[in-house]
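Chemist: this one's structure only:
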């Protein structure tokens, strides 16, 4: 077996006493095999056993994606008649000949559809949560992965710069978001974005997960933009907040507090510390300023082939930070009915601390001046 990522998975399966791992289309499948498949009504499934055997069940129409260098040699394909599919899964199970025990699955990705076929193929096996195995496999990025994430950040930041030049009073949140998507694609992002951009103006910026609406940009608004790019399957996730015209002085106050909290979080992490330390550092700044109740979410989340993955940055987390882990630092303060500020950066754990992959100005600047 020449694939180092599959070798690593096999070692983890042995350490966790799992007989195998079943993986359906998604980032983990792509990470292990390079295959880009999508979830649809036709099930596809990769099964890797702890002795290194690999089997793949997939539709015939997808077989052409398996190149000569694919690590998958045992392929079980099927046609369009669903009545034949259980038999194909059973043949895969017979070929792997597992004696019993547990097979891991990713609970947030595996569907009832695939589980049903797996239970027929492996009636003597138990299916358990294998998310920690997959998180351990992918949580530390190598130099090539980090380079792709840095490029995704550069594409995203360049797209924002182009979008800001076009923003004018009266543009709706939807119009700004649509323009940003166009600039992301023009700038080199893969079409599958990490998430639909959040563009929130005025009082809508007080909703951390706002959805762009037809609300127009007005004088006195905050403008919050949360967006990212995809470069060769790796994501960026950035938030910057701007003013438009003369805004309420309290909004400028919380902007300066969030800026300090972001800085504190980026300075707090280093190898060997718990991830919770980063959250505690940002929260201390905001709590001390009297806005603790207005910081309503964790400080960050892991980032890579998914917009949200391990490690998760919340105060009680005991996850030890290690070199190569990548995550966001995104403190925020949200005042219902008035507005909110979030400043989000993507960072990687290095030997000495946290290195930011994002470098767009974190100052809450006036967007009407930037557009001139």
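Modeler: Sure thing, it's come through. Just so we're clear, the structure is a prediction, and the values are computed from it rather than from any experiment. Residues are numbered from 1 along each chain as shown.
Chemist: roughly how far apart are the residue nearest the centre of the chain and residue 284?
Modeler: Centroid-nearest residue in the chain: residue 307, 1.4 Å away (criterion: CA atoms, centre = their mean). Applying CB to CB, to the nearest Å, the value for residue 307 to residue 284 is 27 Å. Any C-beta I mention is one placed from the backbone N, CA and C, and that applies to glycine too.
Chemist: quick one, what contacts the nearest residue to the residue nearest to the centre of the chain once chain neighbours are set aside?
Modeler: In space, and not counting its chain neighbours, residue 307 is closest to residue 194: 4.1 Å by CB to CB, 6 or more residues apart in numbering. Residue 194 makes contact with 228, 229, 230, 235, 236, 237, 306, 307, according to CB atoms under 8 Å, 6 or more residues apart in numbering.
Chemist: now with 10 Å?
Modeler: The contact partners of residue 194, by CB atoms under 10 Å, 6 or more residues apart in numbering, come to 152, 156, 227-230, 234-237, 303, 305-308.
Chemist: just the element for it, please.
Modeler: Counting by DSSP states H and E, no helix or strand carries residue 194.
Chemist: tell me the phi and psi of it?
Modeler: Here is the backbone geometry of residue 194 (degrees, to the nearest 10): phi -60, psi -30.
Chemist: from residue 38, how far off is it?
Modeler: Residue 194 is 16 Å from residue 38, where distance means CB to CB.
Chemist: next: residue 9.
Modeler: 22 Å.
Chemist: show me which of the two is the more surrounded one.
Modeler: residue 9 (29 against 9; other CB atoms under 10 Å).
Chemist: need the per-residue pLDDT for the residue nearest to residue 307.
Modeler: Per-residue confidence (pLDDT) for residue 194: 98.
Chemist: and residue 175, by the same measure?
Modeler: In this model, residue 175 is scored at 98, pLDDT.
Chemist: that one touches residue 214, doesn't it?
Modeler: Yes: contact criterion CB atoms under 10 Å: residue 175 and residue 214 qualify, at 8.8 Å.
Chemist: got the phi and psi for residue 243?
Modeler: Note on residue 243: backbone dihedrals following degrees, to the nearest 10 are phi -110, psi 160.
Chemist: cool, residue 267 as well?
Modeler: According to degrees, to the nearest 10, residue 267 has phi -90, psi -20.
Chemist: which residues does it contact?
Modeler: 278, 281, 329, 353, 354.
Chemist: rerun at 8 Å
Modeler: Taking CB under 8 Å, 6+ apart as the criterion, residue 267 is in contact with 281, 353, 354.
Chemist: follow-up on the earlier one: angles on the backbone of the residue nearest to the centre of the chain, please.
Modeler: The phi/psi pair for residue 307 (degrees, to the nearest 10) is phi -70, psi -30.
Chemist: quick one: it from residue 280, how far?
Modeler: Using CB to CB, residue 307 is found at 24 Å from residue 280.
Chemist: tell me the domain ranges of the protein?
Modeler: What automatic domain parsing lists as the domains of the chain is 4-138, 143-370.
Chemist: which one of those has the lowest average pLDDT?
Modeler: Among those, domain 4-138 scores lowest, with a mean of 94.
Chemist: for stretch 109-129, the distance to its chain's centre please.
Modeler: Per CA atoms, centre = their mean, to the nearest Å, the displacement of stretch 109-129 from the mean C-alpha position of its chain is 26 Å.
Chemist: buried residues in that stretch?
Modeler: 109, 110, 113, 114, 117, 118, 121, 122, 125, 127 (16 or more other CB atoms under 10 Å).
Chemist: contacts for stretch 272-280, please.
Modeler: Under CB under 8 Å, 6+ apart, the answer for stretch 272-280 is 265, 268-269, 298-300, 311-321, 327, 329, 354.
Chemist: nope, stretch 85-97 is what I meant
Modeler: Here stretch 85-97 has contacts from 20, 43, 45, 47, 49, 53, 55, 57, 74, 76-78, 117-118, 120-122, using CB under 8 Å, 6+ apart.
Chemist: same thing but 6 Å
Modeler: With contact meaning CB atoms under 6 Å, 6 or more residues apart in numbering, stretch 85-97 is reached by 49, 53, 55, 57, 74, 76, 78, 117, 120, 121, 122.
Chemist: does the third one lie in a helix or a strand, and which?
Modeler: Following DSSP H and E, one finds residue 55 within strand 54-59.
Chemist: the closest residue to residue 58 other than its chain neighbours - how many residues pack around it?
Modeler: Spatial nearest neighbour of residue 58, excluding adjacent residues (CB to CB, 6+ apart): residue 44 at 4.2 Å. Neighbour count for residue 44, taken as other CB under 10 Å: 20.
Chemist: one more: the one 5 residues further on?
Modeler: Around residue 49 sit 18 other residues, with neighbours defined as other CB under 10 Å.
Chemist: check the one 4 residues further on too.
Modeler: Each residue near residue 53 was counted by other CB under 10 Å, and the total is 17.
Chemist: now do the residue nearest to it when sequence neighbours are not counted against residue 47, distance only.
Modeler: Among residues not flanking residue 53 along the chain, residue 96 sits closest, at 5.6 Å (CB to CB, 6+ apart). According to CB to CB, residue 96 and residue 47 sit 6 Å apart.
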